[in-house]
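[1] Mind folding the following:
(2 chains)
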Amino acid sequence: MTATLRNADPVLDEFAVAVGAEGTLSVAGNRTRWDVGGPLAPDTRIISAPTGIVEYIPEEMIVTVRAGTSVDELHRTLAERGQWTALPERGGTVGGAVAVGQSDYRRPARGDLRSAVLQVRYVSAEGTLVTGGGPTVKNVSGFDLPRLITGSLGTLGCIAEVILRTNPIPATTRWLSSTDADPFAIHARLLRPGPVLWDGTTTQVMLFGHDIDVTADVDRLRSVGRFDDCDEPSAPAGHRWSVPPAALTNMAALDTGAFVAEVGVGIIHAERAQIRPPLDPGARLIHERMKAEFDPTGRLNPGRIAGVR
Amino acid sequence: MSLLDRFRDRVGSSAATTGDPLVDDLRAALSPERVKTDGAQRSLLGKDASVFDGGSAGPICYPVSTAEVVEIMRIAQVHERAVVPRGAGTGLAGGAIPLGAPIVVAVTKMTSILEIDEANGVAWVEPGVINLDLTRQLTPLGYHFAPDPSSQQVCTIGGNVANNSGGPHCLAYGVTNSHVAAIEVVSPAGEVIMLGGLDPEPDGYDLRGVFVGSEGTLGIATKVAVRLTKNRPAVRTLLMSFASVRDAANTVSDVIAAGIVPAAMEVMDQRITEAVENYVGAGYPTDAAAVLLAEVDGPDEGIDIDADRIAEIGRGNHATMVRVAADDTERALLWKGRKTAFGAVAQIAPDYYLHDTVVPRSALADVLDEIYAIADRHDLLIMNVFHAGDGNLHPLIVFDGRDEGVLDRVHAAGGEIIEASLAAGGVLSGEHGIGVEKQKYMDRLFSDADLEHQNRLRRAFDPVCRANPGKVLPMGHSCADIQQLRSVPTGVWG
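    A predicted model of the protein is given here:
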């Protein structure tokens, strides 16, 4: 069985009709990140995206899924064949996760969300169904619309369906915790540690892979500090910061308040919001032109700005 | 004083004028030696490594800094001339072929590794740095640059960014887009813009992500932050022989289905294996219909688990021989064979046309059967050496261009290979790009609306199609391209 690029799907056609070509519009999923990008303009029509897993081909490591499907449902289906995706599990929908573009806090083990979206089908501001990308992991066939739409917060088109890359769930995963370890020494000692979460006192590390490798990594980890097994921590809450990984070594210079940092990645989940510098003028111009090209009347998700946390 | 006058002024005070205001301005901005206009240079840089006829290059510039690239772009604006960036010219889809006498910007003198920033896991490099040179510089520190195309001894990082290049080890590690954190770009309007950043989730649309793989049509990369990948402590390289290509292809499919993602899985058919053996003596069996090179890497302790399972899956698919490289020397030899495959075919015929499509792994065996049938129908010799793990086919048509009418047959067969790949649910290109080679097939994969949206993306960066016009999108979907190409004065650089 092979995935085809533009199979007709009446469900997606119905969604295109619902989007239409006029009036301001926003697509809501489960509203788990409804505040991202700023408040929605008043009197905006709100619709839902279509749901359902269209096609799952475990041996190709791809799944075609409609945007309104919950990530939990998707991952339950994939788990039956020993796979998962890079999408964050926090109660939201596939379309919401792709539109927001933020990776899971277990990114080092699960992969980068933005590299996982192989194909995207979306309804344009004119109400037309558009396809970008393709069903293969390797693909340089034209301009990369999946990368553009991922993280664009529904401001360029309404995501209807995506093809995601799936990955095998590791044979073993194990979380360990320490209060005396230097979190920045871990990456130097281990080849591919999973997520390393640090709140200034406690370091929690996930190890993954073959059982024998994880056991050996535990020994390496214990050369860095006293580590004990612990439960998998839940997704950290708070304002999301994005900083170069090296900036985490000087947390005092960042005004985060209480925090949980993703060491080696550069994401901080913090009490206070990050104040980000404005885009440089050249990049801002391209952003403005991009929005004008894809949504000239500004009808898609008005009030929201992609990349504002 | 206008921009043009300023440049004219400087020309007047330095060298003698050439009589061509564009060249004079470029020479004033760079230096006379780094702006070439002679026939030999223009002919050489009119082509890339593809089989396509050369285009026509205008003046060829060799900038040494971002500031010089900015000046070139501004001069191009003043003179309303297009600009084509170029690395080592190893592209196989004609992406660097200059159309309509544009200014060619060869980045091959921008070769510095500017900074290795271990704390942030990146190295800042200039676009002319050669892929393998970068890895050699990083090796003593325990890192490498993961994309490893066959041309890695000569191809540049700038070219890798333009084509979103792959290579055998992209199966586990991902293609170039996963290994670039930030890019300093000179926009078609001549502005310096930083795309992406060292932080994991930069603000705004993912302009870095769309720039990678855009084949020089969105601007010129002048600085790239590439990600450092740790060197692997343990490696196992398996060589397996099969009595049929189908058995080898099925082994690849079964390995992925078993939940193993090896570092690399490469298949070579008998014809290419024989050529490679004659060329470098890599130790491949020449009596097998296909050989599969599979590699796993990781920590020492569990390294044999996946290697053993792959061997078992191979035997289950009737492998006639399974050998594990005994040491680094044997491993290096096995890879040397794979990576010199395209050089090896020179012994068979003087010319080759290397194709690049991607199909679902499960369709590999059927599509390969079809490819051999296509070659028979057109009376052509075809060899297959490919990134099997990704489903990335590289059918290699070997021919002698002096034979009457052979190029027509080569192109006809190429078209049928593309159709066969698309019919199997595949895509046009895995790593070589569209360039001028596959523009005419874009509407086989995408609808008018899809192509119009790709053009919108492009226009947001480059409303006047200043950068590398006439590439990627079919002409009908890129009106500004046509305008640009027609506006070029023919005869000046013709």
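
[2] Assign the residue in the stretch 1-150 of chain B that chain A sits nearest to to helix, strand or coil.
    Nearest to chain A, among the residues of the stretch 1-150 of chain B, is residue B:119, at 3.6 Å (CB to the nearest CB). Placement of C-beta: from N, CA and C, glycine included. Classification of residue B:119 using DSSP: H, G, I helix; E, B strand; the rest coil returns helix.

[3] what residues are up against it?
    With contact set as CB atoms under 8 Å, 6 or more residues apart in numbering or on different chains, residue B:119 has these partners: A:245, A:246, A:249.

[4] These, buried ones only, as a PyMOL selection?
    To isolate the buried ones among those in PyMOL, judged by 16 or more other CB atoms under 10 Å in any protein chain shown, type:
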select buried, chain A and resi 245+246
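
[5] Please, where are all the helices along the stretch 251-400 of chain B?
    With DSSP state H, counting those that start in this stretch as the criterion, the stretch 251-400 of chain B has helices at B:270-280, B:303-316, B:328-339, B:341-344, B:364-377.

[6] looking at the ones you listed, which is closest to residue A:145?
    For residue A:145, the closest of the helices of the stretch 251-400 of chain B is helix B:364-377, at 25.6 Å, according to CB to CB.

[7] Sketch out the low-pLDDT regions of the stretch 1-150 of chain B for me.
    Applying pLDDT under 70 to the stretch 1-150 of chain B picks out residues B:1-16.

[8] Going by neighbour count, list what's buried in the longest helix seen in chain A.
    Counting residues, the longest helix found in chain A (DSSP state H) is helix A:281-294. The neighbour-count check on helix A:281-294 (16+ other CB under 10 Å) flags A:282, A:283, A:285, A:286, A:287, A:289, A:290, A:291, A:293, A:294 as buried.

[9] roughly how far out does that helix sit from the chain middle?
    Relative to its chain's centre, helix A:281-294 lies at 23 Å (CA atoms, centre = their mean, to the nearest Å).

[10] Quick check: which helices or strands does that helix pack against?
    Helices and strands touching helix A:281-294, by 3 or more CB pairs under 8 Å, 6 or more residues apart in numbering or on different chains; DSSP states H and E, are strand B:192-196, helix B:207-211, helix B:448-461.

[11] Let's have these in TSV, adding distance to chain A.
    TSV is the format used below for those (distance: least, CB to the nearest CB, whole Å):
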stretch	distance to chain A
strand B:192-196	4
helix B:207-211	3
helix B:448-461	4
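
[12] Pick the most deeply packed of these.
    helix B:207-211 (a mean of 24; mean count of other CB atoms under 10 Å in any protein chain shown).

[13] Can you list the helices and strands that that one packs against?
    On a contact count with 3+ CB pairs under 8 Å, 6+ apart, helix B:207-211 meets helix A:145-149, helix A:281-294, strand B:180-186, strand B:192-196.

[14] mean confidence for stretch B:242-257?
    The average pLDDT within stretch B:242-257 is 95.

[15] looking at the helices of the stretch 251-400 of chain B, which one has the lowest mean pLDDT?
    The bottom spot among these, by mean pLDDT, belongs to helix B:341-344, with a mean of 83.

[16] surely residue B:192 meets residue B:185?
    Yes - contact criterion CB atoms under 8 Å: residue B:192 and residue B:185 qualify, at 7.5 Å.

[17] Perfect, that will be all.
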